[in-house]
Structure formats: C-alpha cells, structure tokens
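Peer 1: Dropping a prediction and its sequence here:
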Amino acid sequence: MIFIEGTYRDLIIKYLSGECNPEETQHMLEWIQSSDDHFRFFIEVKEVWEAADEDLEQDDAHLSQAWNVLDEKLKATTKEKKGTLIKMHPSLKTLFKVAAVVIIGFFSWKYFVPEVPSPVLVADTFSGQKEIQLSDGTLVQLNYLTNFEYPDQFDQSSRKVKLSGESYFNVAPDKTKPFIIDAGEVHVQVIGTSFNVNSRPDLDVISVVVESGKVLVYQTGNENNQVVLVKGDQANFNKNTNTFEKNTVIDINELSWKSGDLVFRNSKLKDVFKALERHYNVSFTAEESKILELPLTTKFNDNSLDESLSVISTIFQLEFEQRDSLIIVKSKF
C-alpha cells in the first residue's frame, strides 16, 4: 500500500463524503498533483469507494473507521506488496497526467468558480409604504419615496443591500454574515438588530436611529470615519461636511411613519410641520412666520392627514390650502 499521512487520508474520506470545504479541497488537489503515485492512489480509492458506497453509508463511525473499511476493500483489490510501489509504464504515466488535468479541472470548477450572483430585486414605494421579508428572514419596512435593492438570495459571505430613502430594518441575527446597507454616502453594518435609516437624496443629512442591538455606521470609501451606535442612539451624517453627529436623545417622532404615532409636547409648529412632512410625505409653507412659533401639545394616533390638520386648525384658528403635496398654512384672522 502507498503510505498516506493521516491528514491526506482524512481529506480523501471527507472529499468522497462531500464534507470538504473549498480550502481543504484545494489542499487535497495540490497533493494529488504533486506525484503520479498520489493521483493513482486517489483514483483507486475513489473506485473502491464508489463500489462500496452502500457499505460506507451504513457505517456512521469516525473518519478513521471509515478509512479502515476502505483499507480492507483496497487490500482485497490490489496486488501491491506492503511497503512497495508499483512502477507505471511511461505511456500510462502520460495517460494518468491527461486524466489528472480533466479530473482536477472538474474539481476546481466545482469548488472554485465564483458563485453566480443572485438576481437583484428592486422595491419602490412611490405611492405608499411597503413591508418585505428578505431571504434570511430580515424584515424591512419601506417608507414613502424609497428605492430598495436586494438579492433574491444572499451569498455565502455577507448580506448586502442598497437603500435610497427611508426604511426600518429588523435584521435576522447571523454572526457569520454581517448585514451591510449601502446608503449612498454612508454604509451601515450590523449582525442582528433593529434600526431606522433615512437616506433621502433630497436631504443634507443621513440619519440612523437604533432601537436594539449595536450598529456600525461609516463613510463610504473611508471606514476610519465611523461611529458605533447602541440602543437609543442616533447618528446624523452631514453630506456637505462628511462629519457625524451622535445623539443619545432621539426625537420621539423619528419613527412615527412606522408606528403611526405622533406626539408633541409644547412643540413649535415649525417642528410639528417637519414631523408631518416626514409622516405624510407632504411639505408645508406658512404665509406668516409667526405661525411657525405657535406651541402645540397633542398626540395623533394613526390619524389621516386631514384629521391631523383639522385638530391644528381648531386649536390655532388656521386654514390649510392643499395643492398636490404642498400645503399652504394661513391664519383665519
């Protein structure tokens, strides 16, 4: 028999069992290519393995025990003497080398050809909100005017998606595959957590709000410019200055588009209108600047835009004129 070190012996068994990873397979291929004897022995073992497939499948023992099963069958099918090697005829060597190229080429194709990228799916929310579930179980809620690109199936190393707009993520935990969001000027990387990303292209700031877990946010192309967020943190990235601002006090209405709740506590109408703009996908303009300084304390719960404006109108005696998505605010007096 040809002496096989334990490492290669186990690798052959693992390969034939379909349990080798790419690195182990590459190591074994290099060993097979290193000599004719190695290649010949591998072919011999492979033939015996295939012939004894049923016996081996019934044997659930350790690799060394599986090797013993093979070894006994090899002894019964080989005429080699213990401690000696059979010399191959020169023409057979050529034949084996040609076969090696074919077989090793097949192994390399099977294990090392790059994965075919999964089809990229696109979700747009131009007329309403949407919730989708990704292949790993991650849930994503898309706000109005959001474009979200994601693969039908994630690859083996990471989970990458692309966002333009605002979305809330509840990421399924997977320590072996970080979840990475390309949000334009910044990237957001997590393992498993829930958070909101607002990367609307018309805004000067990209905002990330964390509800649970830990999130890494870094500038695209400059990973040294980064900030780490935990539950209750918010980071704002200024697109003009390429700087981060981290806050531990989050605007209570930051996630109102998802929850449906809007809470105002002595808030100026200019801030109220900003929250309403984000929540209802509209914009406000006031005819008089003093209107914007009026304080409001109230709570809206899944109210329609008309219902919310009716409450404000009653409190402050204001009129609202809507022109498509633009709302003009006027005083009744």
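Peer 2: The structure has been received and is ready for your questions. Numbers count the residues shown, from 1 in each chain.
Peer 1: can I assume E24 is in contact with W31?
Peer 2: No: counting by C-beta atoms under 8 Å, E24 does not reach W31; the two are 10.7 Å apart. Every residue, glycine included, has its C-beta placed from N, CA and C.
Peer 1: residues near V217, how many?
Peer 2: V217 has 28 neighbours, counted by other C-beta atoms under 10 Å.
Peer 1: in its sheet, what does the helix or strand hosting it sit against?
Peer 2: Counting by DSSP states H and E, the element that carries V217 is strand 214-219. With DSSP bridges as the test, strand 214-219 is paired with strand 186-190 (antiparallel), strand 222-230 (antiparallel).
Peer 1: Tell me where the stretch 101-250 of the chain has strands.
Peer 2: With strands called from DSSP state E, counting those that start in this stretch, the stretch 101-250 of the chain shows them at 120-124, 130-133, 139-142, 147-151, 159-164, 166-170, 179-182, 186-190, 194-198, 205-212, 214-219, 222-230, 234-238, 243-247.
Peer 1: Now render those strands as a markdown table, adding mean pLDDT and distance to S313.
Peer 2: As requested, the strands of the stretch 101-250 of the chain are exported to a markdown table (pLDDT from 0 to 100; distance: least, C-beta to C-beta, whole Å):
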| stretch | mean pLDDT | distance to S313 |
| --- | --- | --- |
| strand 120-124 | 85 | 33 |
| strand 130-133 | 93 | 31 |
| strand 139-142 | 94 | 30 |
| strand 147-151 | 93 | 34 |
| strand 159-164 | 94 | 34 |
| strand 166-170 | 94 | 28 |
| strand 179-182 | 95 | 39 |
| strand 186-190 | 95 | 39 |
| strand 194-198 | 93 | 28 |
| strand 205-212 | 92 | 30 |
| strand 214-219 | 94 | 40 |
| strand 222-230 | 93 | 38 |
| strand 234-238 | 94 | 32 |
| strand 243-247 | 93 | 32 |
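Peer 1: any common contacting residues for E24 and W31?
Peer 2: Common contacts of E24 and W31 (C-beta atoms under 8 Å, 6 or more residues apart in numbering): L11.
Peer 1: Much appreciated, bye for now.
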